[in-house]
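Chemist: Would you be able to build a 3D model of this:
(2 chains)
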Amino acid sequence: MAVTESPTAPPDAPPTFWDGVRAGVPFAIAGGLLAMSFGVLADTAGLSPLAAIVMSAIVYAGSAQFAAIAIVAGGGGVGAALAAAALMNSRFLAMGAALGPSLPGNAASRAAQGQTVVDASWVLASRGDGTFDRNLLFGSSAIQYVTWVSGTVIGALGGGVLGDPEQLGLDAIYPAFFLALLVSEARGGRPLGVAALGAAIALALVPVAPAGVPVLGASLAALVGLTRSARADARRKAEER
Amino acid sequence: MSTSVALIGGCALLTAAIKGVGPVALGGRELPDWFSSLVVLLAPALLAALVVTQALADGDRLAVGPDTAGVAAGGVVAFKTGSIIACVVVAAALTTGLRAL
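Modeler: Sure, this is the predicted structure:
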């Protein structure tokens, strides 16, 4: 992605942690707004302001947190909430596996480094060739962590002043945030066909699968895209002969 | 209080385990070229799925609402300006405006 170059560094210098922080700022601001709505909504699930803040500080996975509190607020049990959270997080299995070869160290160290993965940090750290830059990952994740926790503090303690998150349109922030990431991917020339197929698979699964599964299922689009590009390569090679 | 502790503690442990599994399983080794190609394709697939499941679905139902229009407008802004902040602000503002009608 274009963010791998700092305006102050020579063009070929590898990105630093602070380059990651800078690249993560826009996502951190959007994430902070989202965290405010999490802080407000946590009250509906019976979480105290302190509990909401602790949850954001030690879980740091927005979609899982929203899924878990929505289930508890709707009268569901803790087990169902945890299952939903795990499914929402299941995409991190695919992201973590993709990231694995780019992380040095022993198993415990790699597991620890994997904790810095959130959607935006994973996308920002991608070099576009299947490998990932750790400085961009850590820096962009760090700044997003700060605003995720501080946004939750504002929402949890000032919820009465902020009002209904839905009336404020805060529920549109999350998908808009991902759409902005997708647009930046598309600008980099990534295949839109795979995005369209991923969206179609997810939408087809929405009525029949629990929340979270449709997103994980969309990974299949990447497999299909891979098979198609392998076939196209084989055809091109055959024509050259 | 115990419900909160179980919910938050369970969520934290599950998330840490899920985020840790991938790097442990596939870390520290060279993987074939096709794996790199797959990784490159994974981002648009997952991002597109996240967008549509949030903007076009309400629970297990497909639903189009003010947030759908807001997100679509945000997407146009992101495409035209490249600004994430402008994208989310337009999405939230349009959604709010439509709900207020």
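Chemist: So for the closest residue to A:Trp148 other than its chain neighbours, what pLDDT did the model give?
Modeler: In this structure, A:Trp148 finds its nearest non-sequential neighbour in A:Ala35, 4.8 Å apart by C-beta to C-beta, 6 or more residues apart in numbering or on different chains. No exception for glycine: its C-beta is placed from N, CA and C like everyone else's. Here, the pLDDT recorded for A:Ala35 equals 92.
Chemist: quick one: buried residues of the host helix or strand of A:Ala35?
Modeler: Using DSSP states H and E, A:Ala35 maps to helix A:17-42. Of all the residues in helix A:17-42, those buried under the rule 16 or more other C-beta atoms under 10 Å in any protein chain shown are A:19-24, A:26-42.
Chemist: Repeat that for stretch A:111-130.
Modeler: Those would be A:111-126, A:130, for stretch A:111-130 by 16+ other C-beta under 10 Å.
Chemist: quick one: average confidence on that stretch?
Modeler: Across stretch A:111-130, the per-residue pLDDT values average to 91.
Chemist: Check stretch B:22-33 too.
Modeler: pLDDT averaged over stretch B:22-33 gives 78.
Chemist: ditto for stretch B:58-69
Modeler: 86.
Chemist: Endpoints of that stretch, how far apart?
Modeler: In terms of C-alpha to C-alpha, to the nearest Å, the two terminal residues of stretch B:58-69 are separated by 14 Å.
Chemist: Spell out the residue ranges of the helices in chain B.
Modeler: For chain B, the helices defined by DSSP state H cover B:2-26, B:33-55, B:66-81, B:84-100.
Chemist: Break chain A down into its domains, please.
Modeler: Taking automatic domain parsing as the criterion, chain A consists of the domains A:12-189, A:191-241.
Chemist: Quick check: which of those is buried the most?
Modeler: Of all the domains of chain A, domain A:12-189 carries the top mean neighbour count, a mean of 21, counting by mean count of other C-beta atoms under 10 Å in any protein chain shown.
Chemist: Give the residue spans of chain A that score low on pLDDT.
Modeler: A:1-11, A:187-190 (pLDDT under 70).
Chemist: Just give me the residue closest to the centre of it.
Modeler: For chain A, A:Asp119 is the residue whose C-alpha lies nearest the centre (C-alpha atoms, centre = their mean; 1.8 Å).
Chemist: Just to check, it is in contact with A:Leu181?
Modeler: Yes: when contacts are counted by C-beta atoms under 8 Å, A:Asp119 is listed as touching A:Leu181 (6.9 Å).
Chemist: Mutual contacts of the two, please.
Modeler: Taking C-beta atoms under 8 Å, 6 or more residues apart in numbering or on different chains as the contact rule, A:Asp119 and A:Leu181 both touch B:Leu47.
Chemist: Out of the helices of chain B, point me to the one whose mean pLDDT is lowest.
Modeler: helix B:33-55 has the lowest average pLDDT among these, namely a mean of 84.
Chemist: Test my guess that A:Gly24 contacts A:Ala142.
Modeler: Yes: using C-beta under 8 Å, A:Gly24 is in contact with A:Ala142, at 7.5 Å.
Chemist: out of everything not next to it in sequence, what's closest to B:Leu31?
Modeler: Using C-beta to C-beta, 6+ apart and skipping residues adjacent in sequence, the residue nearest B:Leu31 is A:Pro101, 5.1 Å away.
Chemist: how about stretch B:18-36: buried residues?
Modeler: Buried residues in stretch B:18-36 (16+ other C-beta under 10 Å): B:Ile18, B:Lys19, B:Gly20, B:Val21, B:Gly22, B:Pro23, B:Val24, B:Leu26, B:Gly27, B:Leu31, B:Phe35.
Chemist: follow-up on the earlier one: return the list of helices and strands in contact with the following helix or strand past the helix holding A:Ala35.
Modeler: Next helix or strand after helix A:17-42 toward the C-terminus (DSSP H and E): helix A:49-59. The contact analysis (3 or more C-beta pairs under 8 Å, 6 or more residues apart in numbering or on different chains; DSSP states H and E) places helix A:49-59 against helix A:17-42, helix A:62-73, helix A:134-162, helix B:2-26.
Chemist: now B:Leu47: how far from chain A?
Modeler: 4 Å (C-beta to the nearest C-beta, to the nearest Å).
Chemist: How many residues are close by that residue?
Modeler: 30 (other C-beta atoms under 10 Å in any protein chain shown).
Chemist: I'd say it and A:Ala196 touch.
Modeler: No: between B:Leu47 and A:Ala196 there is no contact under C-beta under 8 Å: 11.8 Å.
Chemist: Run through the residues that contact the residue nearest in space to the middle of chain B.
Modeler: The residue lying closest to the centre of chain B (C-alpha atoms, centre = their mean) is B:Leu50, at 4.1 Å. Counting by C-beta under 8 Å, 6+ apart, B:Leu50 makes contact with A:Ser63, A:Arg91, A:Asp119, A:Pro175, A:Phe178, A:Val215.
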